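In: please find the sequence and the predicted model below.
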Amino acid sequence: MEKEAEDRITGLEIKLAYLEDYVNQLQAVSVEHTETIERLITENRMMSRKIRDMSDQLEGDIPNRKPPHY
């Protein structure tokens, strides 16, 4: 009976070790994804500003003409 209890405890310890490793891997992936998302948000904001600035600069250069559907 004692050997059976030891085997069960050992099995649980092994499962716990695998679960801890898996959680650590998930956490690393989560941190990596968070950093990527933050970087992409920053890049998106920069590109939006550049497009807005370019649009403002070109607005004066567009001639006053009829739209293409006329």
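Out: All right, it came through fine. Numbering: from 1, shown residues only.

In: what stretches of this protein score poorly on pLDDT?
Out: Along the chain, segments meeting pLDDT under 70 span 59-67, 70.

In: cutoff 80 now
Out: Residue ranges of the chain with pLDDT under 80: 1, 56-70.

In: what ranges does the protein have for its helices?
Out: Under the criterion DSSP state H, helices of the chain are mapped to 2-59.

In: any idea which residue of it is furthest from its center?
Out: Note on the chain: the largest C-alpha distance from the chain mean falls to Met1, namely 50.5 Å (C-alpha atoms, centre = their mean).

In: how much space between it and Ile9?
Out: 13 Å (C-beta to C-beta, to the nearest Å). The way it works is simple: take the backbone N, C-alpha and C, and place the C-beta from them, glycine included.

In: how about Gln25?
Out: Separation of Gln25 from Ile9 (C-beta to C-beta) stands at 25 Å.

In: what sits against the residue farthest from the centre of the chain?
Out: Going by C-beta atoms under 8 Å, 6 or more residues apart in numbering, Met1 touches no other residue.

In: for Gln27, which residues are in contact?
Out: Applying C-beta under 8 Å, 6+ apart, no residues contact Gln27.

In: quick check: it vs Ala5, distance?
Out: For Gln27, the distance to Ala5 - C-beta to C-beta - is 33 Å.

In: with Thr42 instead?
Out: For Thr42 relative to Ala5 (C-beta to C-beta), the value is 55 Å.

In: for Asp21, same thing?
Out: Distance from Asp21 to Ala5, by C-beta to C-beta: 25 Å.

In: for Ala28, see how far away Gly11 is.
Out: 26 Å.

In: could you do Met47 as well?
Out: Taking C-beta to C-beta, one finds Met47 at 29 Å from Ala28.

In: also Arg39?
Out: Counting by C-beta to C-beta, the gap from Arg39 to Ala28 is 17 Å.

In: equivalent analysis for Leu58, please.
Out: The value you get for Leu58 to Ala28, if C-beta to C-beta is used, is 45 Å.

In: Pro68 too?
Out: Relative to Ala28, and taking C-beta to C-beta, Pro68 is found at 53 Å.

In: more neighbours: these two, which one.
Out: Remark: of Pro68 and Ala28, Ala28 carries more neighbours, 10 against 5, as counted by other C-beta atoms under 10 Å.
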